[in-house]
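> here's my sequence, what's the structure:
(chains A, B, C and D)
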Number of protein chains: 2
Amino acid sequence: MTEPTNPEVAATTDPVKKNGRDGKSKPTIYDIAKVAGVNPSTVSRALSKPGRVSAKTQKMIEDAAAELNYRVNPFARALPTGRTNTLGLIVADITNPTFFGIIRGAESTATARDYTLMLAESAESSETELTAARRMMATVDGLILASPRMDDDHIRALAGDKPVVVINREVEGVPCVVPDVNKGIGEAIRSLAANGHKKIAYVAGPPQSWMSGRRWEGVQAACEWSKLEAVRLESSKPTVDGGRQVARDVLSSGATAVLTYNDLLAIGLMQELQAASVVVPDQISIVGFDDIFGADFTTPPLTTVRSPMAECGTEAATLLLDVLHGTEHPVSTLRVETELVLRGSSGRLLRGG
Amino acid sequence: MTEPTNPEVAATTDPVKKNGRDGKSKPTIYDIAKVAGVNPSTVSRALSKPGRVSAKTQKMIEDAAAELNYRVNPFARALPTGRTNTLGLIVADITNPTFFGIIRGAESTATARDYTLMLAESAESSETELTAARRMMATVDGLILASPRMDDDHIRALAGDKPVVVINREVEGVPCVVPDVNKGIGEAIRSLAANGHKKIAYVAGPPQSWMSGRRWEGVQAACEWSKLEAVRLESSKPTVDGGRQVARDVLSSGATAVLTYNDLLAIGLMQELQAASVVVPDQISIVGFDDIFGADFTTPPLTTVRSPMAECGTEAATLLLDVLHGTEHPVSTLRVETELVLRGSSGRLLRGG
DNA sequence: CAATTCTTGGCAACCGGTTGACAAGCGCGA
DNA sequence: TCGCGCTTGTCAACCGGTTGCCAAGAATTG
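Take a look at the predicted model:
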C-alpha cells in the first residue's frame, strides 16, 4: 500500500492522509487474514456472513479483528454492494418546529436499526429540494421526503432510483405517511361548536401546500356536519408575521373562532389581536395546527391540533427500512392520528367581550 | 459486469438492484471512454482534473458524460481518495432550538461549498455522542461537535483521526467556535443596573455544561464591575419545567432580576411566577440566553442574550472546510459576539409592584 | 535538421471489500 | 471400502473510480 509520493498531488487533492492522521495504516481484512492465517475472502465472509464459515474459524477471525481494532471501510463495502446503512431525510425548513418530531423520530428509528441519518433542507424551494435529493441518492440506501415541494413526477422518478417514503403528502405509487387531519379537525370543530361558535375562519397556508388543501377540506366537512359556517382566508406566508398580517381579515370576516394552517400563523394572529385589545379567547377563539415547540409559551397557551410528527418520522423510517430489507408492507399509505390539544386560547364565546 | 445469480443471496443481502431499480445499468467512466474513444483513466482525469487533458479531449468527454447522463459514484471515488464531500454534525438535542441556527448555518455553508451535511444527536449522553461520532468518522471528511458532552481526551482522539471543530466549548488542541458571552452578559447587567436592580440571580445549567460555568463567571465579573450583588441558583434540568421548579428559590433569594442559563429556564420561570401573580417585569426582571425560537412568543416577550448560532454554524463549517482544503487558519479559537436583545421581560423595578 | 524537453493519453496497479465458482476433505450410506 | 454429497476454505474476478509511470508525438532550441 503506497501513499502519494508527489507532494504537489498530495497538496492539491488530499491534504489529510488517507489513513489515520497520525500516519499509521488502518487495519484491513488483509491484516486480519494474516493474523488469523486464512484467506481475506474467508475474513470477509466471517464478518458479513457468519455461519458461512466454521465456528472455529469465525472465532479466530473475530479475535484477530478485535486485536487489531479493525473497522470495516464503508466505501469498500458500498462499492460492490451499493449499501451504506444510511437513510436520507429532506425537510422543507429545518427551523420550523413542525419537523423536530419527524427528525427525532426518524433519527431514533434509524439508529436503533444501525443506520445513520443524513439530513438536508429544501428551504421551501422545489429546485433546491430536487438538487439535494439527487445528491443524497448517490450515497443513501433510501430517502424520506418531509412535506416535499417538488411535484409528483419528480418524486416518482426518485423512487425509481432508490426507495422513497413521503411524509405529509400522498403520492400515487410511492409509500406515504400522512396524518389523518380529519380526526383532529373534527374534534376542534366539535369543541368550538359546543362553545357556541357559529362562524369559523380557516387561515390557509402556502398555495402549493398539499396539506393546507387537505386541512381546508377537513374544516369544510366538519363545519358542514356541525352546521357551522366556514370561511377561508389566505395568508401571505406560513409564519408568525403572516399570522399578524391576516388579523384584520380575520376581524372583518365576522368569525368568532379561527383555525389556522399552522401554529406560527396562530401565534402571530394572537399577538396582533392582543395588541388591538382583542381578548383571547373571550372575544375570539384561536386554534392552531401541529402543536409545535413553543405553542404553549403564549398567553393564553395555544389550543392546537397535534400531528404526531415523531410518530410520522418513526413510521416513515420503519417503512423505508422494511422496503430496504425486502419485508412485505401491505399498505402504501400509512395514516397516523391527529388529536386536539385543548389549552387556553379557545373557549366559550362571551357576548361583547 | 455480472449481477448476483444466486437468488437466495440476492434476497438476503441486496433486495434492490445495485443499478437503477428499473434494471438499467448506470453509466460509468468505462461507458464514457467507449463513447469518447479514450482510455478510462483519461475520462477520470477529465472529470476530476480538468487541465490535465487537452481542451479537445475535455470537450469530447464532457459531451459524452452529458449524453449518457453520467453521475460519479461517490463510493468508487471515496475508496482510493478517502473523500466523500460530507461533513458530520452532532448536536446535543435536536429539538433544542439553540441548535437551529447552528444546523442552518452549517448546512448552508456546506451546501455552498458542494458538501453534504450528515446530522446526528447525542441525546445529552456522552456515550451516545461518542458512538455517533465514531460511526460518522468512517464516512465524513470532517466533524463538527456542537456543545459536546464527551470529555476533552475523547475529542482530541477523534481529532487525531479526521479534522474536528467544536462549538460552544474550548478544547486544547482542537479548533473551536465559541460565543463571547461576556459581551452580551455585560450589556444585560448594565441594562439591569440602569434600571435600578441591585441583586441579580443566575440560574445555572447542567453541572457538566462548560458553557454554564462560563456564563456564571461572566455574570459574576459583570456584577462586580457594576457593584451589584450576584447569587447563583441551581436548576435540576435546563428545560421549561426546570425553570418552573426554580421559581420558589428565585423569590426566596431576594433578587429583583434573574439571568438564566438558557431561554427555556427563563420561560418556565416566567410562567410559574405569573401563575403566582408576580408581575414581570414590574416586580422582577427576567433575562434568558440564546434567543431561541419561541423566545418572543411569551407575554411579555423575553429579553435575552442572543448567541449568534447561525454564525457559529457557518464559521465552524468554514473552519472545517478550510482545514480540509489545507488552507492555513491562524486562530484555533474563533469568538463570535453575543448581544442583548431587549424585549418586554426586563425593565425598571417598580417599588412594591 | 537533430536533439532535447514538454504535453498528453494509455497502461495497469491499486483502494478494501464482496462473492461465484471450485476443490479438498470429511461424513455417511450402500 | 467406495461413491456421493455436503461443508468450508481458497482463488480470482469484480465493484468504479484514481493515479504513478511510461511512451509517443509535438514543440522548441541550438
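
> for the residue in chain A that chain B sits nearest to, which non-adjacent residue is spatially closest?
The nearest approach of chain A to chain B comes at residue A:294, 2.8 Å away (Cβ to the nearest Cβ). (C-beta placed from N, C-alpha, C; glycine too.) Closest residue in space to residue A:294, ignoring its immediate chain neighbours: residue B:294 at 2.8 Å, by Cβ to Cβ, 6 or more residues apart in numbering or on different chains.

> go on, residue A:292?
Once flanking residues are discounted, residue A:292 sits nearest to residue A:97: 3.7 Å by Cβ to Cβ, 6+ apart.

> got a list of what the one you found touches?
Residues near residue A:97 by Cβ atoms under 8 Å, 6 or more residues apart in numbering or on different chains: A:263, A:290, A:292-294, B:95, B:97, B:293-294.

> tell me the one of the residues you listed nearest DNA strand C?
residue B:95 (35.1 Å; Cβ to the nearest atom of the strand).

> dihedrals phi and psi, that closest one?
In terms of degrees, to the nearest 10, the main-chain angles of residue B:95 are phi -90, psi 0.

> surely it is in contact with residue A:294?
No. Checked against Cβ atoms under 8 Å, the pair residue B:95 and residue A:294 is beyond contact range at 10.9 Å.

> hmm, back to that, the residue nearest to residue A:292 and DNA strand D, how far apart?
Using Cβ to the nearest atom of the strand, to the nearest Å, residue A:97 is found at 40 Å from DNA strand D.

> what kind of secondary structure is the residue nearest to residue A:294 in?
Following DSSP: H, G, I helix; E, B strand; the rest coil, we place residue B:294 in the coil state.

> quick one, what contacts it?
Shown in contact with residue B:294 (Cβ under 8 Å, 6+ apart): A:97, A:293-294, A:297, B:97, B:263, B:267.

> what does chain A put close to DNA strand C?
A:1-2, A:18-19, A:25-26, A:28-30, A:40-41, A:44-45, A:47-49, A:70, A:72-73, A:76-77, A:79-81 (Cβ under 7 Å from any atom of the strand).

> could you pull out the strands for chain A?
Listed in chain order, the strands of chain A (DSSP state E) span A:86-91, A:116-121, A:142-146, A:164-167, A:176-180, A:199-203, A:229-233, A:257-260, A:285-289, A:303-306, A:333-337, A:339-341.

> re earlier: so what does the residue nearest to residue A:292 look like in phi/psi?
Torsion angles, degrees, to the nearest 10, at residue A:97: phi -60, psi -10.

> could you list the low-pLDDT ranges of chain A?
Along chain A, the model assigns pLDDT under 70 to residues A:1-24, A:328-330, A:351-353.

> tell me how far the residue nearest to residue A:245 when sequence neighbours are not counted lies from DNA strand D.
Closest residue to residue A:245 apart from its sequence neighbours, by Cβ to Cβ, 6+ apart: residue A:236 at 5.7 Å. Going from residue A:236 to DNA strand D by Cβ to the nearest atom of the strand gives 45 Å.

> next one: phi and psi at residue A:236?
Per degrees, to the nearest 10, the backbone of residue A:236 is at phi -80, psi -30.

> how near is it to residue B:201?
Separation of residue A:236 from residue B:201 (Cβ to Cβ, to the nearest Å): 42 Å.

> who has more neighbours, those two?
residue B:201 (26 against 10; other Cβ atoms under 10 Å in any protein chain shown).

> pull up the gap between the more buried one and DNA strand D, please.
58 Å.

> one more: residue A:197?
From residue A:197 over to DNA strand D (counting by Cβ to the nearest atom of the strand), the distance is 62 Å.

> quick one: that residue from residue B:238, how far?
From residue A:197 over to residue B:238 (counting by Cβ to Cβ), the distance is 39 Å.

> so where do the helices sit in chain A?
A:7-13, A:29-36, A:40-48, A:55-68, A:74-81, A:98-112, A:126-137, A:152-161, A:181-194, A:210-226, A:240-245, A:247-253, A:263-275, A:309-324 (DSSP state H).

> contact partners of the last one?
Going back to what we said before, that points to helix A:309-324. So helix A:309-324 is contacted by A:87, A:98-110, A:113, A:115, A:141-144, A:146, A:163-165, A:167-168, A:175, A:177, A:179, A:290, A:328-329, A:334, A:336, B:15-16 (Cβ under 8 Å, 6+ apart).

> residues touching the residue most central in space within chain A, list them.
Central residue of chain A (Cα atoms, centre = their mean): residue A:102, 3.7 Å from the mean position. By Cβ under 8 Å, 6+ apart, residue A:102 lies in contact with A:89, A:91, A:146, A:167, A:309-310, A:312-313, A:316.

> let's go with 6 Å and repeat that
Shown in contact with residue A:102 (Cβ atoms under 6 Å, 6 or more residues apart in numbering or on different chains): A:146, A:309, A:312-313.

> tabulate these (TSV), appending neighbour count.
Below are the contacts of residue A:102 laid out as TSV (neighbours: other Cβ atoms under 10 Å in any protein chain shown):
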residue	neighbour count
A:146	26
A:309	26
A:312	25
A:313	29
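
> if anything else comes up later, I'll come back, but that's it for now.
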